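Peer 1: Structure of the sequence below:
(2 chains)
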Amino acid sequence: MKKLLRAAAAAAVAALALTACGGGGGSGDPANVSPTGEIKPREISWLLSRPADGAVINIMKKLADDYAKDHPGFALNLITTPDRPSYIQKLETLAAANKLPELFDTDATPFAQQLAKQGKMVDAEKLLKSLDIYDDYRPGALDYQRFDDGSLYMIPFQFELEFIWYNKALLEKAGVSVPKSLDDIPAMCTALRDAGITPIALDGQDQWPLERYVAYQPFREAGPDFVQKLKKGEAKFTDPAGQKTVEWMAGLGKAKCFQDGFSAQGYSDAQNQFTSGQAAMYNIGTWELPSLATGKLNAAVRDDIDFFTLPATDGSVTSANEFVSPSGIGMAVNSKTYDPLVSDFLKFALEKYPAEYAATGALSPTTNVQTTIPANATPLYKKALDAANDLGDKQAMPWDTQLDPTTNGRLQQELVLLVQGNITPEQFTKTMDATIKQNAPKFFK
Amino acid sequence: MLPNRSRTSVLVFLLPPLLLYCAAVLFPILQSLFLSFFSWNGISDMEFVGLENYVRMLTADDIFWRSFFNALIYLAICLVLQLGGALVVASLLTSLRRGRELIKTLYLLPAVISTVAIAFLFVRVYSIDPVGLLNQVLHWIGLGSFERAWLSDVSTVLAAVSAPEGWRFTGLYMLIIYAALIAVPKELEEAAVLDGASKWTLFTKIRFPYIRPVWITTTIMATTYGLRGFDIPYLMTNGGPGQSSELLTTYMYKTAFTSTDFGYASTISVFIVIECLVAVGLILFMLKRKADS
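Peer 2: This is a model prediction of the structure:
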């Protein structure tokens, strides 16, 4: 028996020792962006939340293969979870277990900011500057990745513009024109409904698409600062900008702007409604250009599709060329496992990435390359890309990347109820202000 | 009394599963209990808060109570469909002469389909735009006024997410109850029929008392499964719209993995464990009292 116990104790010690070795030999200093030493090729992992067969993954795979040719033994293991809520859960669980891989995706969320504060991520601004590619990036693409204090810990791989796509023929049929102000939209919906047309196709299942709408009025009324104050409890839904968005959302619901039963419909359901000519409007970003502005689009609606950018309002503090222009989920570099190899690979990959990415017809987060317009593109493709050259300095941040996770979850739920008319604007305001008051202090100490 | 050597061997064979059980079931429960006294988001330092999480759960959390009552309604619908449905189908099956095997297989089929497939299937069935099966059928039989977006309507969504779970396992419980019913001795039934017992008396006085032990087991199984129900509501509506189809389990999951409030989520999970134990205790108590009387 004694022997057995001794053996068990030895095994336990060995297991502990092994896990301690598994951590890798990184410096752990977030500001040390140029580690010195020998480059020892090994397999590194990137935990990411991007489409499995999308351009980013395909290009990074190819670049990793190229790098491995000169560095035998190197491999980039891409672990993707495209479904965002599942991904966030995975990331948070791994972070809690202190098992984050070399590279991982995250938005500039309060959770990510805590990781950065604990020194778990490499300072991306210093990293990009040390690689001498910082100035290549679009300022807007980097700003989207920044935390409130202006610090930068994530590297963008995309640049997208979000438009409201519309069907000219359906608007004409209902006798309405493109809205000049956000405030025109509810009346527009009523007219479209009267003509038997679904005004806006919305993916309610994923919740972020509806949450976009709540950000619009405050962005016009009070600028990008509103949500930054709101999430800390310094601004409230009872404030004028808050009340304006609450009333406007309730108005969208009352005018039946979204398709019936939207809350149970998914991403492709919404897109199908628009591309099949049933719905008049659809709010989505340039990542859908391949399906909305090429020969792939249903021929019956191809010539009727156009887009407008987020309408301004009377007395708007932001201009018409300022709207949601995200650079997608960013890539963070784990400071614990950051070593000469990771540094050298990033240098290799980030320099070559923009040209490869632009060749796929997408907007690069940098300005040093020209996007190739695909052969089957409609004229709308170029028009959409050109809008990137004429952006203002401010951008509307999606609220789901800004609020603390509990408030965000509650907001997504309450918004559906508000738009469906199950709760009044007063109830909504009260619930949300109380939720922020309860949860914000934990995240924004 | 076993000889000494075989008693040791019994212990040796029992010990591994017992250890496995402790590691897989008891340890997580104890760990949840421990965590429930802390405030911890996974990456911050753990902060001891005493009973604060319990006080918040029981007195200050409107979603907790909402999801608790939702879970009870969910359980009731599942039990009626699973046990009630199973009993009816099994009883009818015993009186069938031909095709029993086919019907049994057909009823069991949903239990072997993957949950994700069932969830997606029912999202389509309940859909209004494009029109799903349920709304189409209502339209055909002239009940067009009942057509609605079942999963978006706060008054129907809870029933709509409970039904697939109930439907799914009806076949399984039917099989168990059917097996018990055909084991009822034929002589007893024939004697009762000769004495002039009606079909109902036959069922309540002979068949049901005879299958009571099996009935208790299936009730406990169905109740605990119902209280732990998670996947279908989570996949179909994610608890929405609002909190209309939020169950304790989905709420606990979100609190842990979306809000990263592991301490508070552990508090909710401790509640779920207690709730399951209380439910099983109640069932045993009620059925035993009935049997004694």
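Peer 1: residues contacting the most centrally placed residue in chain B?
Peer 2: Nearest residue to the geometric centre of chain B (CA atoms, centre = their mean): residue B:226, 1.8 Å. The contact partners of residue B:226, taken as CB atoms under 8 Å, 6 or more residues apart in numbering or on different chains, are B:74, B:75, B:78, B:79, B:82, B:165. For every residue, glycine as well, the C-beta is placed using N, CA and C.
Peer 1: Could I have the CA atoms of whichever strand or helix holds it written out in PDB?
Peer 2: Using DSSP states H and E, residue B:226 falls within helix B:208-227. Listed next in PDB are the C-alpha coordinates belonging to helix B:208-227 (Å, rounded to 0.1, in the frame of the first residue of the first chain):
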ATOM      1  CA  PHE B 208     -51.400   0.600 -12.800                       C
ATOM      2  CA  PRO B 209     -50.700  -0.800  -9.300                       C
ATOM      3  CA  TYR B 210     -48.700  -3.500 -11.000                       C
ATOM      4  CA  ILE B 211     -46.500  -1.100 -12.900                       C
ATOM      5  CA  ARG B 212     -46.100   1.300 -10.100                       C
ATOM      6  CA  PRO B 213     -42.400   0.600  -9.400                       C
ATOM      7  CA  VAL B 214     -41.600   1.200 -13.100                       C
ATOM      8  CA  TRP B 215     -43.800   4.300 -13.100                       C
ATOM      9  CA  ILE B 216     -41.900   5.700 -10.100                       C
ATOM     10  CA  THR B 217     -38.600   5.200 -11.900                       C
ATOM     11  CA  THR B 218     -39.800   6.800 -15.100                       C
ATOM     12  CA  THR B 219     -41.300   9.700 -13.200                       C
ATOM     13  CA  ILE B 220     -38.000  10.400 -11.500                       C
ATOM     14  CA  MET B 221     -36.100  10.100 -14.700                       C
ATOM     15  CA  ALA B 222     -38.500  12.400 -16.600                       C
ATOM     16  CA  THR B 223     -38.500  14.900 -13.800                       C
ATOM     17  CA  THR B 224     -34.800  15.100 -13.400                       C
ATOM     18  CA  TYR B 225     -34.300  15.300 -17.100                       C
ATOM     19  CA  GLY B 226     -37.000  18.000 -17.300                       C
ATOM     20  CA  LEU B 227     -35.400  20.100 -14.600                       C
END
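Peer 1: Could you pick out the residues of the stretch 1-150 of chain A near chain B for me?
Peer 2: A:85, A:88, A:89, A:92, A:93, A:95, A:96, A:111, A:114, A:115, A:118 (CB under 8 Å from any CB of the partner chain).
Peer 1: Next, count neighbours for the first one.
Peer 2: Around residue A:85 sit 17 other residues, with neighbours defined as other CB atoms under 10 Å in any protein chain shown.
Peer 1: returning to what we had before: just flag the most distant two among the contacts of residue B:226.
Peer 2: The largest separation in the contacts of residue B:226, counting by CB to CB, is between B:74 and B:82 at 11.9 Å.
Peer 1: just for the stretch 101-250 of chain B, where's the confidence low?
Peer 2: Within the stretch 101-250 of chain B, not a single segment meets pLDDT under 70.
Peer 1: of all the residues in it, which ones are close to chain A?
Peer 2: Counting by CB under 8 Å from any CB, the stretch 101-250 of chain B sits next to chain A at B:123, B:126-129, B:149, B:151-152, B:154, B:236-243.
Peer 1: which stretches of the stretch 101-250 of chain A form helices?
Peer 2: Secondary structure of the stretch 101-250 of chain A by DSSP state H, counting those that start in this stretch: the helices cover A:110-117, A:124-130, A:139-145, A:168-174, A:185-194, A:208-222, A:225-230, A:240-254.
Peer 1: Save those helices as TSV, and put in distance to residue B:257, mean neighbour count and mean pLDDT too.
Peer 2: Converted to TSV, those look like this (distance: least, CB to CB, whole Å; neighbours: other CB atoms under 10 Å in any protein chain shown; pLDDT from 0 to 100):
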stretch	distance to residue B:257	mean neighbour count	mean pLDDT
helix A:110-117	12	21	91
helix A:124-130	26	19	94
helix A:139-145	24	22	94
helix A:168-174	41	18	95
helix A:185-194	35	19	96
helix A:208-222	17	22	95
helix A:225-230	24	19	94
helix A:240-254	28	19	96
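Peer 1: Any chance of the ones you listed in a markdown table with distance to residue A:101 as columns?
Peer 2: Formatted as a markdown table, those follow (distance: least, CB to CB, whole Å):
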| stretch | distance to residue A:101 |
| --- | --- |
| helix A:110-117 | 13 |
| helix A:124-130 | 17 |
| helix A:139-145 | 19 |
| helix A:168-174 | 47 |
| helix A:185-194 | 43 |
| helix A:208-222 | 25 |
| helix A:225-230 | 30 |
| helix A:240-254 | 38 |
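Peer 1: who touches the helix or strand just after the helix holding residue B:226?
Peer 2: Using DSSP H and E, the next helix or strand after helix B:208-227 towards the C-terminus is helix B:231-236. Here helix B:231-236 makes contact (CB under 8 Å, 6+ apart) with A:264, B:74, B:115-116, B:118-120, B:122-123, B:151, B:160-162, B:164-165, B:168, B:239, B:245-247, B:250, B:253.
Peer 1: residues near residue A:283, how many?
Peer 2: With other CB under 10 Å as criterion, residue A:283 counts 23.
Peer 1: er, residue B:230 I mean
Peer 2: 15.
Peer 1: so who does it touch?
Peer 2: Residue B:230 touches B:247, B:249, B:250, B:253, counting by CB under 8 Å, 6+ apart.
Peer 1: Out of the residues you listed, who's the most crowded?
Peer 2: Counting neighbours by other CB under 10 Å, residue B:247 comes out on top of the contacts of residue B:230 with 31 neighbours.
Peer 1: Identify the residue nearest the geometric centre of chain A.
Peer 2: Of the residues in chain A (compared using CA atoms, centre = their mean), residue A:328 is nearest the centre, at 4.2 Å.
Peer 1: Pretty sure that one sits against residue A:158.
Peer 2: Yes. If you go by CB atoms under 8 Å, residue A:328 and residue A:158 touch, sitting 3.7 Å apart.
Peer 1: Give me the common contacts of these two.
Peer 2: With CB under 8 Å, 6+ apart, residue A:328 and residue A:158 have common neighbours residue A:287.
Peer 1: which intervals of chain A have sub-threshold pLDDT?
Peer 2: Chain A contains residues with pLDDT under 70 at A:1-28.
Peer 1: what's the domain layout of it?
Peer 2: Listed domain ranges for chain A are A:35-159+A:327-371, A:162-324+A:389-443 (source: automatic domain parsing).
Peer 1: what's the span of the shortest one from first residue to last?
Peer 2: With CA to CA, to the nearest Å as the measure, the ends of domain A:35-159+A:327-371 fall 34 Å from one another.
Peer 1: Of the contacts of residue B:226, which is the nearest to residue A:75?
Peer 2: Nearest member of the contacts of residue B:226 to residue A:75, counting by CB to CB, is residue B:165, at 43.2 Å.
Peer 1: Closest one of the residues of the stretch 1-150 of chain A next to chain B to residue B:51?
Peer 2: After measuring these against residue B:51 - CB to CB - the closest member comes out as residue A:96, at 23.6 Å.
Peer 1: Relative to residue B:262, how far out is the closest one?
Peer 2: Noted for residue A:96: a distance of 7 Å to residue B:262, by CB to CB, to the nearest Å.
Peer 1: got it, and residue B:134?
Peer 2: For residue B:134 relative to residue B:262 (CB to CB), the value is 39 Å.
Peer 1: Which residue ranges of the chain form strands?
Peer 2: With no chain named, the answer covers chain A. Assigned by DSSP state E, chain A shows strands spanning A:43-48, A:75-80, A:103-106, A:162-167, A:198-201, A:279-285, A:305-308, A:330-333.
Peer 1: meant chain B, my bad for not saying
Peer 2: Going by DSSP E, chain B shows strands at B:38-39, B:47-48.
Peer 1: Format those strands as TSV; extra columns: distance to chain A and mean neighbour count.
Peer 2: Formatted as TSV, the strands of chain B follow (distance: least, CB to the nearest CB, whole Å; neighbours: other CB atoms under 10 Å in any protein chain shown):
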stretch	distance to chain A	mean neighbour count
strand B:38-39	8	18
strand B:47-48	10	11
